[in-house]
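Visitor: Structure here, sequence nowhere to be found:
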């Protein structure tokens, strides 16, 4: 049994078929929002005022 709990309709996050997230970056704005963006596509970004630091979840 795999330890990957990724839903079947999304790409795997661990193992040989895992999707790399290295092309994505995040910045915190002055008003405490976070902006996550794709470094290879300037039109691909998400902004939210509700977020959790990924390092705290590791």
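Guide: Ah, there it is. Please read all numbers here as calculations on a predicted model, not as lab measurements.

Visitor: Which stretches in the protein count as helices?
Guide: Taking DSSP state H, the helices of the chain run over residues 54-57.

Visitor: Verify the stated contact: residue 28 with residue 34.
Guide: Yes - the pair residue 28 and residue 34 passes the contact test of Cβ atoms under 8 Å, sitting 5.5 Å apart. Yep, even glycine has a C-beta here, placed from its N, CA and C like the rest.

Visitor: Pick out whichever of those two has more residues nearby.
Guide: Counted by other Cβ atoms under 10 Å, residue 28 and residue 34 do not tie: residue 34 has more neighbours, with 16 against 11.

Visitor: That one pairs with what?
Guide: Beta bridges link residue 34 to residue 28, residue 48, judged by DSSP bridges.

Visitor: Can you give me the pLDDT of it?
Guide: You'll see residue 34 listed with a pLDDT of 86.

Visitor: and the gap between it and residue 52?
Guide: 9 Å (Cβ to Cβ, to the nearest Å).
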